[in-house]
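Colleague: make a model of this:
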Amino acid sequence: MITRRELLEIGAATAAFAAGAGIDLRRAAAQQAITQSDLLKFPSVGNVTLLHFADLHAQLRPVYLREPSVNLGVGEAKGLVPHLTGELLLGRYGIAPGSREAYALSSDDYIALAKTYGRIGGLDRLATAVKAVRAERGNDRVLLLDGGDSLQGSLGANRTRGQDVANCLKLLDPDAMTGHWEFTYGEKRLKELVKAMDVPFLAANVRDTEWQEPVFDAYQIFEKAGVAVAVIGQAFPYTPVANPRWMMPHWTFGIREESIRAAVAKARREGASLVVLLSHDGFDVDRKLASRVLDIDVILTAHTHDALPEPVKIGRTLLIASGSYGKFLSRLDLDVRAGGVRKFEYRLIPLLADVIAPDPEMSARIEKERAPFKADLERVAGQTESLLYRRGTFEGTFDDVICDAIRQERDAEIALSPGFRWGATVPPDSPITVEDIHNATAITYPQVYRTKMNGERLKAILEDVADNLFNPDPYYQQGGDMVRTGGLSFTIDVNKPMGQRISNLAALKTGTPIVANKNYIVTGWASVNEGVDGPPIWDVVEKYIKDRQTIRVEPTTNIKVIGS
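Modeller: This next block holds a predicted model:
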């Protein structure tokens with residue numbers, strides 16, 4: 001249902017745009033239509049409040065972040081949320097085009113709406129929202145839970161090995177967290193960060209390789225307003241596959257459905273009235289898990305960066321998807337009684353940076369952590385005429401820039417770039433800073449390799465990634481996007497079985513078919529192999545942008561998709 005306030009909000013934004021006002025005036029019009037109290041207003045119920053954020057990826061300050069225009073689901077997930085985008089998504093939830101919710105949740109009309117509503121997120125805005133809820137409900141009713149991927153993904157995080165984000169998150173004081181990219185700092189470093197934050201790191205599915213003993217606590221029980229709340233942690237199951245195994249050689253992962261089931265049963269025996277799974281599985285994996293482990297009340301899902309304005313209910317289980325990059329804070333109020341959850345209220349709160357006041361204490365900490373790298377963060381490499389974004393099942397314009405950069409700078413015929421879902425958006429007609437480049441590339445294994453690879457091996461790589469995405473069984477999906485390619489075109493049939501999805505591989509420049517037994521010069525980055533030689537990806541991309549000064553990305557037609 002569209003409220004009168006939302007209609008007024010749309011009218012104010014549209015009038016400002018139609019009048020040809022500048023960005024500041026449009027933004028002022030939006031701010032007049034929205035207040036902090038509007039964003040945080042909530043019909044509180046019950047005795048327990050869960051606050052959830054996930055996939056922060058080390059973003060301390062507000063960003064632009066365009067949601068995908070294509071988020072393809074397969075198998076039983078085809079046509080279901082979170083695989084609806086654009087008009088279909090807005091229509092599913094009755095969201096008015098042009099509204100703040102449309103801006104936060106959809107890619108439709110993104111450039112114009114970004115001018116109206118501005119940046120979103122920022123840990124200081126998140127701190128303001130968290131403190132407001134804690135003040136309203138009381139600490140004895142509130143649990144703040146971090147869904148993982150918080151400590152990685154920026155220049156500062158890379159240089160401090162996560163310490164800058166850890167110092168800020170300690171101020172936020174989450175009650176528990178789990179993880180994924182955090183593991184790529186290595187086993188010892190992750191434990192150091194967790195100790196410094198003084199937060200329970202929960203992961204029921206992580207065991208040591210020698211004795212198969214738990215590495216972390218599986219769960220913790222919190223008392224909130226007389227309710228025993230069990231929070232079970234689930235780290236990303238495929239961490240040693242999607243990321244370098246050599247970075248966590250003594251730990252083994254997996255979905256481990258039986259471990260979750262055992263943890264739920266044990267927590268219930270210990271008196272838990274509410275069982276929450278703090279998961280980094282990805283949405284479709286958790287949807288299947290909820291249908292098989294029947295005694296979970298709430299799954300706070302993460303990893304696939306989905307943001308949904310309503311819970312998805314599977315049996316008795318509520319699935320909550322809170323987005324990424326600090327764009328949102330999820331608030332779930334629950335009325336928990338002896339017989340279980342009687343009632344709930346939910347809201348996905350968009351943290352519009354021009355509306356929510358920054359928390360002074362967190363702002364000061366953020367500036368302190370960024371100060372040593374200020375000159376590098378603000379250094380301008382060039383300008384963009386195009387919208388640069390990362391998300392999308394098959395393509396992203398920032399990925400196109402990366403592929404062009406590594407192919408040019410490493411003198412290669414074909415480029416391969418990982419389909420990571422993290423990476424902030426750069427609006428058109430904006431400077432491209434070194435911070436922007438690192439936000440799309442900051443990993444702990446950044447070397448850009450150059451190698452010979454035959455056509456058969458190229459096809460095998462594409463087939464392997466495609467099966468990770470489009471296997472009809474969610475338990476075999478790893479939750480990223482399709483590998484990005486430069487200098488290469490191909491056809492993909494998402495409904496075919498493993499080994500038969502990729503066809504018609506051709507060199508983009510000449511249109512000649514890729515030959516199975518012919519070698520090609522291939523460049524790429526983020527190899528999971530140890531000892532890879534090559535320059536870091538951010539240096540390669542910065543040089544490419546500096547040499548050109550102005551970046552313009554033309555629409556690509558190198559991938560033909562069948563069966564979507």
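
Colleague: contacts and neighbour counts: CA atoms only from here.
Modeller: Fine.

Colleague: and the spatially most central residue of the chain, what does it touch?
Modeller: Centroid-nearest residue in the chain, with CA atoms, centre = their mean: residue 305, separated by 3.6 Å. Neighbouring residues of residue 305 by CA atoms under 8 Å, 6 or more residues apart in numbering: 54-55, 321-324, 421.

Colleague: top of those by number of neighbours, please.
Modeller: residue 54 (34 neighbours; other CA atoms under 10 Å).

Colleague: and that residue, how far is that from residue 355?
Modeller: Distance, residue 54 to residue 355, by CA to CA, to the nearest Å: 21 Å.

Colleague: where does this protein have low pLDDT?
Modeller: In the predicted model of the chain, residues 1-32 satisfy pLDDT under 70.

Colleague: can you count the residues close to the nearest residue to residue 313 once chain neighbours are set aside?
Modeller: Leaving aside its chain neighbours, residue 313 sits nearest to residue 319 (6.2 Å; criterion: CA to CA, 6 or more residues apart in numbering). For residue 319, the neighbour count with other CA under 10 Å is 22.

Colleague: from residue 128, how far off is residue 319?
Modeller: Between residue 319 and residue 128 the distance, using CA to CA, works out to 25 Å.

Colleague: swap in residue 228?
Modeller: Distance, residue 228 to residue 128, by CA to CA: 27 Å.

Colleague: do residue 379 as well
Modeller: The gap separating residue 379 from residue 128 is 29 Å, by CA to CA.

Colleague: which ones are touching residue 549?
Modeller: By CA under 8 Å, 6+ apart, the contact list for residue 549 reads 381-383.

Colleague: can these go into a markdown table with extra columns for secondary structure and distance to residue 366?
Modeller: Formatted as a markdown table, the contacts of residue 549 follow (DSSP: H, G, I helix; E, B strand; the rest coil; distance: CA to CA, whole Å):
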| residue | secondary structure | distance to residue 366 |
| --- | --- | --- |
| 381 | strand | 23 |
| 382 | strand | 26 |
| 383 | strand | 26 |
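
Colleague: out of those, who's the most crowded?
Modeller: Counting neighbours by other CA under 10 Å, residue 381 leads those with 22 neighbours.

Colleague: make sure that residue is actually in contact with residue 435.
Modeller: No. Residue 381 is beyond contact range of residue 435, at 9.8 Å (criterion: CA atoms under 8 Å).

Colleague: could I get the contacts of residue 549 in CSV, plus columns for distance to residue 408?
Modeller: Shown next, in CSV, are the contacts of residue 549 (distance: CA to CA, whole Å):
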residue, distance to residue 408
381, 17
382, 17
383, 19
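
Colleague: ok, so of the residues you listed, who is nearest residue 241?
Modeller: Proximity of these to residue 241 (CA to CA) peaks at residue 381, which lies at 33.7 Å.

Colleague: nearest residue to that closest one other than its sequence neighbours?
Modeller: Of all residues not flanking residue 381 in the chain, residue 546 sits nearest, at 5.0 Å (CA to CA, 6+ apart).

Colleague: next up, identify which helix or strand that neighbour is on.
Modeller: Using DSSP states H and E, residue 546 sits in helix 537-548.

Colleague: over to residue 453?
Modeller: Secondary structure (DSSP H and E) places residue 453 in strand 448-454.

Colleague: buried set for the very next helix or strand once past that strand?
Modeller: Beyond strand 448-454 on the C-terminal side, the first helix or strand identified by DSSP H and E is helix 455-470. For helix 455-470, burial by neighbour count (16 or more other CA atoms under 10 Å) applies to 455, 458-459, 462-463, 465-470.

Colleague: which parts of the stretch 1-150 of the chain are strands?
Modeller: Using DSSP state E, counting those that start in this stretch, the strands of the stretch 1-150 of the chain run over 48-53, 142-146.

Colleague: most tightly packed of those?
Modeller: Ranked by mean neighbour count, the strands of the stretch 1-150 of the chain are led by strand 48-53 with a mean of 25 (mean count of other CA atoms under 10 Å).

Colleague: checking the residue nearest to the centre of the chain next. Helix, strand or coil?
Modeller: Counting by DSSP: H, G, I helix; E, B strand; the rest coil, the backbone at residue 305 sits in coil.

Colleague: hmm, back to that, ok, residue 379 and residue 128, which is more surrounded?
Modeller: In terms of neighbours (other CA under 10 Å), residue 128 is the more surrounded of residue 379 and residue 128; the figures are 21 against 14.

Colleague: need the nearest residue in space to the more buried one, chain neighbours excluded.
Modeller: Per CA to CA, 6+ apart, closest to residue 128 is residue 359, 5.1 Å.

Colleague: isn't the one you found up against residue 127?
Modeller: Yes. With contacts counted by CA under 8 Å, residue 359 reaches residue 127, the gap being 6.0 Å.

Colleague: show me which of the two is the more surrounded one.
Modeller: Counted by other CA under 10 Å, residue 359 and residue 127 do not tie: residue 127 has more neighbours, with 23 against 16.

Colleague: from residue 351, how far out is that one?
Modeller: Where residue 351 is concerned, residue 127 sits at a distance of 10 Å (CA to CA).

Colleague: repeat for residue 322
Modeller: Counting by CA to CA, the gap from residue 322 to residue 351 is 12 Å.

Colleague: likewise for residue 75?
Modeller: 33 Å.

Colleague: quick one: which of those two has more around it?
Modeller: More crowded of residue 75 and residue 351, by other CA under 10 Å: residue 351, with 27 against 13.

Colleague: list the contacts for that one?
Modeller: 39, 120-122, 125-126, 326-329.

Colleague: quick one: which of the residues you listed is most hemmed in?
Modeller: Each of the contacts of residue 351 was scored for neighbours by other CA under 10 Å, and residue 327 scores highest at 32 neighbours.
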